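Student: Need coordinates for the following:
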Amino acid sequence: MFYCMQTYFYVRPLATVLCVCTATSLPRLCYVNMPSKYRKTLSRRKERYTENSETLKRKAVDHYEANKDVVIKRAKYRMKTDETTRKKNAAQVKRRIVDYPIYAAENQKRAKLSLKQRLETNEVYRLANQTRAKANQKKRLQTNEAYRLAKQTKAKDSQKKRLENNQQYRKRNQKQAKVNKQRRLRTSEDYLQKQRAWNGNNM
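Tutor: Down below sits the predicted model:
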């Protein structure tokens, strides 16, 4: 094992160096490989590549800042038309939602705002959303007993509150109840018998 003390002269492609042996403490000459012309060429190429890369990055940033509206518009268009781009963006958003809670909260807020704007401006989307919501609610009422009972309780409380506070709603409800009762008396024999029995017990 050797360590270098002093460089005396260079002879291509080697350099002669005076070294001292750590085992015997005796000086001796060592020959060290110097960088070849090819290695220097590669080094210069690497420096030029790095410099060109930085230049291209700066140009790309300047181009984006100068044409931001057009770039965003094209990206949104590709998001709608290109299935691969759409899938990649969806996967990236899912990962960011899982990894970054702040981004997840901002994304949720942005989604609510976008949904509200679409419901206000897009009649076709609003009707489709209503139909989808009704179908989902109907399915939950059929399959989720706890949700159905909670929905019934909430509806009863809401109706009771409206009957107490809204006189117009109370009159309309009474009128509709009479119409429903007359229709059931005409169409349902079982309901008619129950009504007669109830009237007989209360006379």
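Student: just for the chain, where's the confidence low?
Tutor: Flagging of the chain using pLDDT under 70 yields the residue ranges 1-35, 201-203.
Student: hmm, try it at 50
Tutor: 1-14 (pLDDT under 50).
Student: Check which residues of the helix or strand N107 falls within are buried.
Tutor: Secondary structure from DSSP states H and E places N107 in helix 101-121. Buried residues in helix 101-121, counted by 16 or more other C-beta atoms under 10 Å: none are found. Quick note: C-beta positions are derived from backbone N, CA and C, even for glycine.
Student: Quick check: next helix or strand after it?
Tutor: Using DSSP H and E, the helix or strand that directly follows helix 101-121 along the chain is helix 123-143.
Student: Can you name the residues in contact with that following helix?
Tutor: The contact list for helix 123-143 (C-beta atoms under 8 Å, 6 or more residues apart in numbering) reads R118, L119, E120, Y147, R148, K151.
Student: And those residues, which two are furthest apart?
Tutor: E120 and R148 (31.1 Å; C-beta to C-beta).
Student: still on that earlier bit, can you work out which other helices and strands pack against the helix holding N107?
Tutor: helix 83-99, helix 123-143 (3 or more C-beta pairs under 8 Å, 6 or more residues apart in numbering; DSSP states H and E).
Student: any idea of the angle it forms with helix 83-99?
Tutor: 130 degrees (axes from the mean of the first three to the mean of the last three C-alpha atoms, to 10 degrees).
Student: Helix 101-121 to helix 123-143, inter-axis angle?
Tutor: Using the same axes, to 10 degrees, the direction of helix 101-121 lies 110 degrees away from that of helix 123-143.
Student: For helix 101-121, list the C-alpha coordinates in PDB.
Tutor: Once non-C-alpha atoms are left out, helix 101-121 reads as follows in PDB (Å, rounded to 0.1, in the frame of the first residue of the first chain):
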ATOM      1  CA  PRO A 101     -53.800  15.000   2.700                       C
ATOM      2  CA  ILE A 102     -53.600  18.700   1.900                       C
ATOM      3  CA  TYR A 103     -53.900  17.900  -1.800                       C
ATOM      4  CA  ALA A 104     -56.800  15.600  -1.100                       C
ATOM      5  CA  ALA A 105     -58.700  18.400   0.800                       C
ATOM      6  CA  GLU A 106     -58.000  20.900  -2.000                       C
ATOM      7  CA  ASN A 107     -59.100  18.300  -4.600                       C
ATOM      8  CA  GLN A 108     -62.400  17.700  -2.800                       C
ATOM      9  CA  LYS A 109     -63.100  21.400  -2.500                       C
ATOM     10  CA  ARG A 110     -62.300  21.900  -6.200                       C
ATOM     11  CA  ALA A 111     -64.500  19.000  -7.200                       C
ATOM     12  CA  LYS A 112     -67.500  20.400  -5.200                       C
ATOM     13  CA  LEU A 113     -67.100  23.700  -6.900                       C
ATOM     14  CA  SER A 114     -66.900  22.200 -10.400                       C
ATOM     15  CA  LEU A 115     -69.900  20.000  -9.700                       C
ATOM     16  CA  LYS A 116     -71.900  23.100  -8.500                       C
ATOM     17  CA  GLN A 117     -70.900  25.000 -11.700                       C
ATOM     18  CA  ARG A 118     -71.800  22.100 -14.000                       C
ATOM     19  CA  LEU A 119     -75.200  21.700 -12.300                       C
ATOM     20  CA  GLU A 120     -75.900  25.400 -12.800                       C
ATOM     21  CA  THR A 121     -74.700  25.600 -16.400                       C
END
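Student: Many thanks, have a good one.
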